[in-house]
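Participant: Build me a model from this:
(4 chains)
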There are 2 protein chains.
Amino acid sequence: MPGQKITSLDVARLAGVSQSAVSRVFTPGASASKKTAEKVRKAADELGYRPNVLARAVVSGKSRIIGLVVAYLNNQFYPEALEKLTNALQERGYHVLVFMASNSAQNIDKVVEEILDFQVDGIIAASVALSSDLSDRCQAAGIPVVLFNRAQDDPGMSAVSSDNIAGGRKVADFLLAGGHKKIGYIAGWEGASTQRDREAGFLAALNKAGVALHARGVGDFSSEKSREATLEMFAADPPDAVFVANDHMAIAVMDTLRFELGLNVPNDVSVVGYDDVAVAAWPTYDLTTVRQPANRMVAETVDILLSKIEGPDVGPRRLEIDGPLIVRGSARIPEGWKT
Amino acid sequence: MPGQKITSLDVARLAGVSQSAVSRVFTPGASASKKTAEKVRKAADELGYRPNVLARAVVSGKSRIIGLVVAYLNNQFYPEALEKLTNALQERGYHVLVFMASNSAQNIDKVVEEILDFQVDGIIAASVALSSDLSDRCQAAGIPVVLFNRAQDDPGMSAVSSDNIAGGRKVADFLLAGGHKKIGYIAGWEGASTQRDREAGFLAALNKAGVALHARGVGDFSSEKSREATLEMFAADPPDAVFVANDHMAIAVMDTLRFELGLNVPNDVSVVGYDDVAVAAWPTYDLTTVRQPANRMVAETVDILLSKIEGPDVGPRRLEIDGPLIVRGSARIPEGWKT
DNA sequence: CTGAAAGCGCTAACAG
DNA sequence: CTGTTAGCGCTTTCAG
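Facilitator: Numbers count the residues shown, from 1 in each chain, chains lettered A, B, ... in the order given. Have a look, this model is predicted:
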């Protein structure tokens, strides 16, 4: 039999004060005399009382819960981000309700509706796009939304990502400086803004140098698809360098090149990724890649979200944080390249 | 200005029924005539009404929230488990509130108290141990707890893990069958029951065969520590086989052996891990390892937890699910070994 | 500063 | 099956 729940009224009786006094002692912004507070605290400890945050949420309208939508956890960038986000929010007194969503629009909408049912104070959507219908409803409900690692056409939506266009450009410049002539690209899921921007920046820089893309494949952010795309790309006229839209795919590409095609990286072909996840630094891969500054991205995401929750509405903020190219051994290093 | 919240009363008025009628239509187990239900549904859709699950939780005492405590997400087994757990619970109408906890007892206690504040219906503790004080409080509050991938001495606690003792034994038998004579072990964090059991099973089987452990290091479930342990272990009299307590560490060990010590795996030394995370199957590592059956572990964890929540208390359940040894190329394969 | 009283949005008896 | 009524545990006016 579950033991009784201890309520503020129980504490009040034991402490010999009113129930509202107890409430005030446990409410951050409230006023209570030192003496009352002490009596209440003592009684509460004795009974093992803790405020019911759900009841508090109902009456105050603030749940201090943040809904986090996330699509896939297999790209290692996300667990890392999830961990950092949760920690950052926890430190600031918020808690995270996680929702997994497949990347179909209807599924995401369904998930966001569920989130809304919890009266969350805010929503972080990691790598998924909200329908404009839904984002309107969030706006109407006064619930701020910040997109993490995904931009969206809707200019009313706040979003934090790395500067994917600049990142793509950096990779192109690096490969060009390395003297590569036949440059290939393996794309991620084409519905993703990150994918589009990385490719756009990459192509723009190639273009500017008067170099055409030698080959293009689609890896869909999946290992298996990337493997297939690699095999296909190298079946005909093999490129001498490949930019892969994220590290998760780049690893699969490297494995395919080495083990299925018997090629040497970087001697036969240079490979560059994007994200700088932990694996990229492993000596086996030693992957040259663009770093997504996860710490800063998380910090900014949390700041924006909480400022919207706690302050007056400041309008949408869109941040694209610049990340450096981390030069390692998976791609030929241009003569005299300044790291 | 945030749009007004739509309450069941608004819907009731529009539909021309009582507020409790609205409630009943949206309460799974309740009775309402087809006609009423239709009117209510129509009015609700028109207004965009959705029940406030927090208010429901306050009055019904059931939040349909599960608190999930997790310590580290860098071992890839956990993101995978987290994803599966969240999905499984979502399918059954529950939602997951995530809490990150460092592995110190006091921190975990603090975290669990926070969880309790949310009136969660149940708690899943992944790879962390609860103080007996806390587990008593959960029990007293009638909140079921299931440990995931961690056993605990407290026999009153439900727990789901793989059969770590049997797993350790399988590895020993495999290495012995492979003719290895100098067998080393790299331990995980020594406070973990998984670590202890894997080692116990491993040593028991070696012992039974009359073979003494050749060397022992501690990797603490960390890449860097594992690297150091490996260097130290191979400085003196190098083993011809190493069992590493999980894949996360085993990968680091392999990298160290290959890149820092210039050894060939498996020709110079066999390596075996535990977990069978995704990386283990990558051709670069091709790691022989004991599979933790994540799907079954998750399914059982959820079943146990929900049966405790929804049914009468059935007493603690402890499950150790057997996982197969996945034979790959990182360890010498004994003559005529039947896969 | 403090207590009394109202009420958050909802579910759960209770009569009808 | 339905409406009425109570009340979940808490915050928040409002007098004092």
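Participant: Let me see the ranges of the helices in the stretch 51-200 of chain A.
Facilitator: A:53-60, A:77-91, A:105-117, A:132-141, A:164-177, A:193-208 (DSSP state H, counting those that start in this stretch).
Participant: got a pLDDT number for the residue of the stretch 101-250 of chain A found nearest DNA strand D?
Facilitator: Across the stretch 101-250 of chain A, the shortest distance to DNA strand D (C-beta to the nearest atom of the strand) belongs to residue A:119, at 12.5 Å. Placement of C-beta: from N, CA and C, glycine included. Note on residue A:119: pLDDT of 96.
Participant: Could you give the number of residues near it?
Facilitator: Look at residue A:119: counted by other C-beta atoms under 10 Å in any protein chain shown, it has 21 neighbours.
Participant: residues in contact with it?
Facilitator: By C-beta atoms under 8 Å, 6 or more residues apart in numbering or on different chains, the residues touching residue A:119 are A:57, A:58, A:61, A:63, A:65, B:52, B:53, B:54.
Participant: Look up how far residue A:296 lies from the closest residue in space to the second one that isn't next to it in sequence.
Facilitator: Looking back up the chat, that one is residue A:58. Counting by C-beta to C-beta, 6 or more residues apart in numbering or on different chains, residue B:55 is the residue found nearest to residue A:58 once chain neighbours are left out, at 4.9 Å. Distance of residue B:55 to residue A:296, computed by C-beta to C-beta, to the nearest Å: 38 Å.
Participant: And residue A:308, by the same measure?
Facilitator: Applying C-beta to C-beta, the value for residue A:308 to residue A:296 is 18 Å.
Participant: So which of these two has more stuff around it?
Facilitator: Legend: neighbour count by other C-beta under 10 Å for residue A:308 and residue A:296, higher for residue A:308 (22 against 15).
Participant: pretty sure the more buried one is touching residue A:122, no?
Facilitator: Yes: contact criterion C-beta atoms under 8 Å: residue A:308 and residue A:122 qualify, at 6.9 Å.
Participant: okay, and the common contacts of those two?
Facilitator: Residues touching both residue A:308 and residue A:122 (C-beta under 8 Å, 6+ apart): A:144, A:146.
Participant: quick one: the nearest residue to residue A:174 once chain neighbours are set aside from DNA strand C, how far?
Facilitator: Once flanking residues are discounted, residue A:174 sits nearest to residue A:325: 5.9 Å by C-beta to C-beta, 6+ apart. Residue A:325 sits 51 Å away from DNA strand C, going by C-beta to the nearest atom of the strand, to the nearest Å.
Participant: same check, this time on residue A:138
Facilitator: Plainly put, residue A:138 is 17 Å away from DNA strand C if you go by C-beta to the nearest atom of the strand.
Participant: Look up the pLDDT of that residue for me, please.
Facilitator: On pLDDT, residue A:138 comes in at 88.
Participant: now swap in residue A:339 and tell me
Facilitator: Turning to residue A:339, the model gives it a pLDDT of 64.
Participant: which regions of chain A lie under the pLDDT threshold?
Facilitator: By pLDDT under 70, the weakly predicted segments of chain A are A:1-3, A:339.
Participant: Show me which residues of it are close to DNA strand C?
Facilitator: Counting by C-beta under 7 Å from any atom of the strand, chain A comes close to DNA strand C at A:17-21, A:24, A:31-33, A:35-36, A:55, A:58-59.
Participant: Tell me the one of those nearest residue B:72?
Facilitator: Comparing the residues of chain A next to DNA strand C against residue B:72 with C-beta to C-beta places residue A:55 closest, at 33.2 Å.
Participant: Burial check on the residue lying closest to residue A:21 once chain neighbours are set aside, number of neighbours?
Facilitator: Nearest residue to residue A:21, sequence neighbours excluded (C-beta to C-beta, 6+ apart): residue A:36, at 5.6 Å. Residue A:36: 18 surrounding residues under other C-beta under 10 Å.
Participant: ok, and for whichever strand or helix holds residue A:36, which residues are buried?
Facilitator: Residue A:36 is located in helix A:34-47, with elements delineated by DSSP states H and E. Of all the residues in helix A:34-47, those buried under the rule 16 or more other C-beta atoms under 10 Å in any protein chain shown are A:36, A:37, A:39, A:40, A:41, A:43, A:44, A:47.
Participant: List, one by one, the residues from the stretch 51-200 of chain A near chain B.
Facilitator: A:51-55, A:57-58, A:63, A:65, A:72-74, A:76, A:78-80, A:82-83, A:86-87, A:90, A:95-100, A:113-114, A:116-119, A:137, A:140-143 (C-beta under 8 Å from any C-beta of the partner chain).
Participant: which residues does the nearest residue to residue A:198 once chain neighbours are set aside contact?
Facilitator: The shortest distance from residue A:198 to any residue other than its chain neighbours is 4.3 Å, reached at residue A:168 (C-beta to C-beta, 6+ apart). Residue A:168 makes contact with A:197, A:198, A:199, A:200, A:201, A:202, A:203, A:204, A:205, A:243, according to C-beta under 8 Å, 6+ apart.
Participant: Could you rerun that using 6 Å?
Facilitator: A:198, A:201, A:202 (C-beta atoms under 6 Å, 6 or more residues apart in numbering or on different chains).
Participant: Just the buried ones out of those, please.
Facilitator: Neighbour-count burial (16+ other C-beta under 10 Å) is assigned, among these, to A:198, A:201, A:202.
Participant: Please report the distance of the nearest residue to residue A:177 once chain neighbours are set aside from residue A:172.
Facilitator: Counting by C-beta to C-beta, 6+ apart, residue A:177 lies nearest to residue A:334, which is 3.8 Å off, once chain neighbours are set aside. Using C-beta to C-beta, one obtains 13 Å as the distance from residue A:334 to residue A:172.
Participant: Compare those two (neighbour count), which wins?
Facilitator: For residue A:334 and residue A:172, the more surrounded residue by other C-beta under 10 Å is residue A:172, and the numbers stand at 27 against 16.
Participant: Do I have it right that that one meets residue A:202?
Facilitator: Yes: between residue A:172 and residue A:202 a contact is recorded at 4.9 Å, counting by C-beta atoms under 6 Å.
Participant: can you put the buried residues of helix A:34-47 in JSON lines and add distance to DNA strand D?
Facilitator: Shown next, in JSON lines, are the buried residues of helix A:34-47 (distance: C-beta to the nearest atom of the strand, whole Å):
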{"residue": "A:36", "distance to DNA strand D": "12"}
{"residue": "A:37", "distance to DNA strand D": "14"}
{"residue": "A:39", "distance to DNA strand D": "16"}
{"residue": "A:40", "distance to DNA strand D": "11"}
{"residue": "A:41", "distance to DNA strand D": "14"}
{"residue": "A:43", "distance to DNA strand D": "12"}
{"residue": "A:44", "distance to DNA strand D": "10"}
{"residue": "A:47", "distance to DNA strand D": "11"}
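Participant: quick one: which of those residues is nearest to residue A:227?
Facilitator: The shortest approach to residue A:227 among those belongs to residue A:44, at 59.2 Å (C-beta to C-beta).
Participant: list the contacts for that closest one?
Facilitator: Going by C-beta under 6 Å, 6+ apart, residue A:44 touches residue A:11.
Participant: gap between the closest residue to residue A:83 other than its chain neighbours and residue A:77?
Facilitator: Leaving aside its sequence neighbours, residue A:83 sits nearest to residue B:73 (C-beta to C-beta, 6+ apart; 4.5 Å). As judged by C-beta to C-beta, residue B:73 and residue A:77 stand 12 Å apart.
Participant: Could you do residue A:268 as well?
Facilitator: Residue A:268 sits 28 Å away from residue A:77, taking C-beta to C-beta as the criterion.
Participant: can you check residue A:334 too?
Facilitator: When distance is defined by C-beta to C-beta, residue A:334 is 27 Å away from residue A:77.
Participant: repeat for residue A:20
Facilitator: Separation of residue A:20 from residue A:77 (C-beta to C-beta) stands at 48 Å.
Participant: Among these two, which residue is more densely surrounded?
Facilitator: Counting neighbours by other C-beta under 10 Å for residue A:20 and for residue A:77 shows that residue A:77 has the greater number, 22 against 13.
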